[in-house]
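1. predicted model, plus sequence, below.
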Amino acid sequence: MTDEDLGTVTTELVGHVLEITIDRQAKRNAFTPKMFAEMQAAYTRLDEEDDLWVGLVKFAGEHTTAGLDLPKFFGDMQRTEASDEKTNEVVDIFALKRRCSKPIVMAVQGITFTIGLEMMLAADISIAADDCRFCQMEPKRGLAVFAGGNFRQVERAGWGNAMYHLLRADEFGAERALQLGYVQEVLPAGEHVERARVIAQEIAANAPLAIQYIKKANLAYIQHGEEAAIAMIPEMRRVTSSSEDAKEGMASFVERRAAVFTGK
Amino acid sequence: MTDEDLGTVTTELVGHVLEITIDRQAKRNAFTPKMFAEMQAAYTRLDEEDDLWVGLVKFAGEHTTAGLDLPKFFGDMQRTEASDEKTNEVVDIFALKRRCSKPIVMAVQGITFTIGLEMMLAADISIAADDCRFCQMEPKRGLAVFAGGNFRQVERAGWGNAMYHLLRADEFGAERALQLGYVQEVLPAGEHVERARVIAQEIAANAPLAIQYIKKANLAYIQHGEEAAIAMIPEMRRVTSSSEDAKEGMASFVERRAAVFTGK
Amino acid sequence: MTDEDLGTVTTELVGHVLEITIDRQAKRNAFTPKMFAEMQAAYTRLDEEDDLWVGLVKFAGEHTTAGLDLPKFFGDMQRTEASDEKTNEVVDIFALKRRCSKPIVMAVQGITFTIGLEMMLAADISIAADDCRFCQMEPKRGLAVFAGGNFRQVERAGWGNAMYHLLRADEFGAERALQLGYVQEVLPAGEHVERARVIAQEIAANAPLAIQYIKKANLAYIQHGEEAAIAMIPEMRRVTSSSEDAKEGMASFVERRAAVFTGK
């Protein structure tokens, strides 16, 4: 640990999957401004580089995160206040502003409080260790929920179930999160990261253009409703069906082999 | 029972929780205009008085309600027709017009038909006795569903599951309601009211301003979509983070004690 | 089998239920343009004829459908491209354009790939055989999802669960579909069609006008949001409560007998 361990976010490319690792284990991965900036940079790189097709986000150590390391946020709420005016120059890891156009798979374990739960709900697929502890505890500390964790619980679990957790600010576990659709699989702690990796690679084996259109159309649905999603169909049909990957898809089907896509 | 028992709605303040009891047991709590007016008045009081932070709604006797006591509605459908033009002077217990800004926990048991199910789905958290009998039976009597019970089933359970019950107008039990997210917990009849009370007090222990913003932001999400909910974040951050309760929340965290909030 | 078996869609009226059977068993019900046209015609008839109150859709043989019989679509994607501009002269079996105003119950079994899953999600209630194999496999072949199968999975199962299947394009079974709300009941293969028939007749025993308003109001909710659904309440109350079926409903209630509705 350095004089002041402000955490690091490292990336590694495995095939077409960008693996992103958050590490500040000594502080249970409590987030500093440095970690936010580096995680945004990683998401932005994933979004912008053509050869990156899927993101895999994982957290070093026993816990996802204990939340914000508040004293490290100079000016505290003023700083995060400023984040409301942030531009679209970088991808927002909470998916409230600019969103990542590529799928993000997240592996979570142990303490997954406040922003941890919110980053998870802003991702696309989450794989949980069986020791997860989820809590949107802000109302216990006098604060509302600022990073999407409120309405994303409604979207996934419906009004009553979301209110049950949001208004009580209680702690709940991996099996409950699975039941609510907040996570998609629960595995013994230690096995969950490898499972998330398998899923990320499974997605990366599909045609990237098709995958990105599916995410784009569903974001349109969530943000602007059914008509917006339906309006996207002609474009997504025209672009994907005239792609090189569609030809490869058809060829691989005829030749009874797995397709090898290029993203073109 | 008086010459004509038209039912009563009584209220009792327990800490910051307004307990609201509906009572017309001899008629299985079939609703009269008097009961509607008194229940609206109770919801309106909960909404308007600063010291009331959470509502707990419970029903005397073995049943939630058998529904409307139709003969008591003079002019019948004309009367309820008129309710479509009702002003926002009082809170709407079906949450179709003016809504209560404070959380409402509801305890239900036995027969919970038509408006009973609709009042429940218009509340925020529902605790069910294991003897609950839910039924939106209107189409069996020639009528559509008038008080939000249709789209709130879609919101919570998704299209297919909602249609499965709405189109058949079948009766279903507490475990099914739990599975669909219509209720949040099921307990042996008799224990469910006390459990609802515990949950109401649990919510009342959290910062009221934060709780009200969470409900408000999620209502914006349900009514106007994701962008509307995101647009509320700066205000809810500014107001709650500069509140006295936020200071108390931080102090209690540092001092490792439960916070004592004032709603300021 | 004829020289070229292009499949048939047959209809049979059972009471007020229009039973629609898709048959091209030799090709696992792979869809040809002829089958689409005939199925659209059947849905349009269901929509337009006053005496038809509920549709029951079933598939001959062991499978729902293997998907599109692509070589049969002359000009292939150009043809389906053209479908984006199709008029509202006929009902769209994928419910992206003109929708059927009457409820549709669908029985599915065995292979239920691509458009099979999408037709099912565009229906109202689905009853599955326990041997179902669901797969939205397009991204494995270079294509996005064109007929509503993407956002309808989000609507029913929430973001994470929908992404889990859409991005992986994996195959899943009947129990998983039940858990996600994609189907409403699972029965041993062979018993599921009869069960779907019972449900269709159960719906047909309810007041048709009420049933159609319930579907209409919920479509308004899905397409235009909560305010649109609430705005429909006065009309649906006025029309259904002044209908002959409402009188019959009340009379049958007083006389403690099942109502016999006429749709008026």
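-> Yep, that arrived.

2. okay, now stretch A:254-264: how far is its last residue from its first?
-> End-to-end distance of stretch A:254-264: 20 Å, with CA to CA, to the nearest Å as the criterion.

3. to clarify, my last question referred to stretch A:25-38.
-> 16 Å.

4. contacting residues around it?
-> Identification of contacts with stretch A:25-38 by CB atoms under 8 Å, 6 or more residues apart in numbering or on different chains yields A:1, A:5-9, A:22-24, A:59-69, A:72-74, A:79, A:93, A:110-111, A:115-116. From N, CA and C alone the C-beta is placed, and that goes for glycine too.

5. now the helices for the stretch 1-150 of chain A?
-> Using DSSP state H, counting those that start in this stretch, the helices found in the stretch 1-150 of chain A span residues A:33-48, A:77-83, A:115-122, A:149-157.

6. which of these sits most buried?
-> Mean neighbour counts were compared across the helices of the stretch 1-150 of chain A using mean count of other CB atoms under 10 Å in any protein chain shown; the top stretch is helix A:115-122, at a mean of 27.

7. distance between the helix or strand that A:Gln212 is a member of and the chain's centre?
-> Per DSSP states H and E, A:Gln212 falls inside helix A:208-224. Distance, stretch centre to chain centre, for helix A:208-224: 15 Å (CA atoms, centre = their mean, to the nearest Å).

8. just the buried positions in it, please.
-> Neighbour-count burial for helix A:208-224, counted by 16 or more other CB atoms under 10 Å in any protein chain shown, picks out A:208-222.

9. ok, A:Gln153 to A:Leu219 distance?
-> For A:Gln153, the distance to A:Leu219 (CB to CB, to the nearest Å) stands at 18 Å.

10. got it, and A:Ser252?
-> For A:Ser252, the distance to A:Leu219 under the criterion CB to CB works out to 28 Å.

11. show me what contacts whichever residue of chain A sits closest to chain C?
-> Proximity of chain A to chain C (CB to the nearest CB) peaks at A:Gly249, 3.1 Å away. Taking CB under 8 Å, 6+ apart, we find A:Gly249 in contact with A:Ala207, A:Ala259, A:Phe261, C:Lys140, C:Arg141, C:Gly142, C:Leu143.

12. could the residues you listed go into a markdown table alongside pLDDT?
-> Shown next, in a markdown table, are those (pLDDT from 0 to 100):
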| residue | pLDDT |
| --- | --- |
| A:Ala207 | 97 |
| A:Ala259 | 94 |
| A:Phe261 | 97 |
| C:Lys140 | 95 |
| C:Arg141 | 94 |
| C:Gly142 | 95 |
| C:Leu143 | 94 |
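
13. if we can go back for a sec, which helices and strands does the helix holding A:Gln212 pack with?
-> On a contact count with 3 or more CB pairs under 8 Å, 6 or more residues apart in numbering or on different chains; DSSP states H and E, helix A:208-224 meets helix A:226-231, helix A:233-241, helix A:244-254, helix B:226-231, helix C:149-157, helix C:159-166.

14. in stretch A:190-209, what's buried?
-> In terms of neighbour count (16+ other CB under 10 Å), stretch A:190-209 has its buried residues at A:192-193, A:195-197, A:199-201, A:203-209.

15. I'd like to know which helix or strand in chain A has the lowest mean pLDDT.
-> Using mean pLDDT, DSSP states H and E, helix A:77-83 stands out as the lowest-scoring helix or strand of chain A, at a mean of 51.

16. my guess is A:Val239 contacts A:Leu209. True?
-> Yes. With contacts counted by CB atoms under 8 Å, A:Val239 reaches A:Leu209, the gap being 6.8 Å.

17. and the spatially most central residue of chain A, what does it touch?
-> Nearest to the geometric centre of chain A sits A:Ala123, at 2.1 Å (CA atoms, centre = their mean). Contacts for A:Ala123 (CB under 8 Å, 6+ apart) come out as A:Val57, A:Ile104, A:Val105, A:Met106.

18. so which of the residues you listed comes closest to chain B?
-> Taking CB to the nearest CB as the measure, chain B lies nearest A:Ile104 of the contacts of A:Ala123, at 17.7 Å.

19. any idea how far that closest one is from A:Lys58?
-> From A:Ile104 across to A:Lys58, the span is 11 Å (CB to CB).

20. look at these two and report which has more neighbours.
-> A:Ile104 (29 against 20; other CB atoms under 10 Å in any protein chain shown).

21. just the pLDDT at that one, thanks.
-> pLDDT recorded at A:Ile104 is 98.

22. might one say that it is in contact with A:Val57?
-> Yes. Under the contact definition of CB under 8 Å, A:Ile104 touches A:Val57, with a separation of 6.2 Å.

23. mind putting the contacts of A:Gly249 into a markdown table with distance to chain B?
-> Listed next are these as a markdown table, based on distance: CB to the nearest CB, whole Å:
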| residue | distance to chain B |
| --- | --- |
| A:Ala207 | 28 |
| A:Ala259 | 32 |
| A:Phe261 | 31 |
| C:Lys140 | 25 |
| C:Arg141 | 27 |
| C:Gly142 | 29 |
| C:Leu143 | 25 |
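
24. ok, those vs A:Ala231, which is closest?
-> Checking the contacts of A:Gly249 against A:Ala231 by CB to CB gives C:Leu143 as the nearest, at 18.4 Å.

25. burial of the residue lying closest to that closest one once chain neighbours are set aside, as a residue count?
-> Closest residue in space to C:Leu143, ignoring its immediate chain neighbours: A:Thr240 at 5.1 Å, by CB to CB, 6 or more residues apart in numbering or on different chains. Close neighbours of A:Thr240, defined as other CB under 10 Å, add up to 27.

26. ok, now A:Tyr164?
-> Burial of A:Tyr164 is recorded as 26 neighbouring residues (other CB under 10 Å).

27. once you drop chain neighbours, what's closest to it?
-> Take A:Tyr164 and drop its neighbours on the chain: the residue closest to it by CB to CB, 6+ apart is B:Gln184, 4.3 Å away.

28. flag every residue of chain A that's near chain B.
-> By the rule CB under 8 Å from any CB of the partner chain, the part of chain A lying against chain B is A:77, A:80-81, A:84, A:96, A:138-148, A:150-151, A:154-155, A:157-164, A:166-170, A:222-225.

29. can you dump the C-alpha coordinates of stretch A:189-196 into PDB?
-> The C-alpha coordinates for stretch A:189-196 follow below in PDB (Å, rounded to 0.1, in the frame of the first residue of the first chain):
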ATOM      1  CA  ALA A 189     -17.800 -17.200  -3.800                       C
ATOM      2  CA  GLY A 190     -14.600 -17.700  -5.800                       C
ATOM      3  CA  GLU A 191     -16.300 -19.400  -8.700                       C
ATOM      4  CA  HIS A 192     -18.500 -16.500  -9.700                       C
ATOM      5  CA  VAL A 193     -15.700 -14.500 -11.500                       C
ATOM      6  CA  GLU A 194     -14.800 -17.400 -13.700                       C
ATOM      7  CA  ARG A 195     -18.500 -17.900 -14.600                       C
ATOM      8  CA  ALA A 196     -18.900 -14.200 -15.500                       C
END
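
30. can you list contacts of it?
-> When contacts are defined by CB under 8 Å, 6+ apart, stretch A:189-196 is touched by residues A:56, A:58, A:62, A:105-110, A:125, A:127-131, A:185-187.

31. are any of those buried, and which?
-> Applying 16+ other CB under 10 Å to these, the neighbour count classes A:56, A:58, A:105-110, A:125, A:127-131, A:185-187 as buried.

32. from the rest of the structure, what touches stretch A:98-106?
-> Applying CB under 8 Å, 6+ apart, the set of residues contacting stretch A:98-106 from outside is A:43, A:46-47, A:52-58, A:88-92, A:119-120, A:123-127, A:196, A:199-200, A:203, A:208, A:211-212, A:215-216, A:219, C:163, C:167.

33. quick one: end-to-end distance for it.
-> Using CA to CA, the span of stretch A:98-106 from its first residue to its last is 19 Å.

34. surely A:Ala122 is in contact with A:Phe151?
-> No. Under the criterion of CB under 8 Å, A:Ala122 lies out of contact with A:Phe151, with a separation of 11.2 Å.

35. what sits against A:Asp130?
-> For A:Asp130, counting by CB under 8 Å, 6+ apart, the contacting residues are A:Gly173, A:Ala174, A:Glu175, A:Val186, A:Leu187, A:Pro188, A:Ala189.
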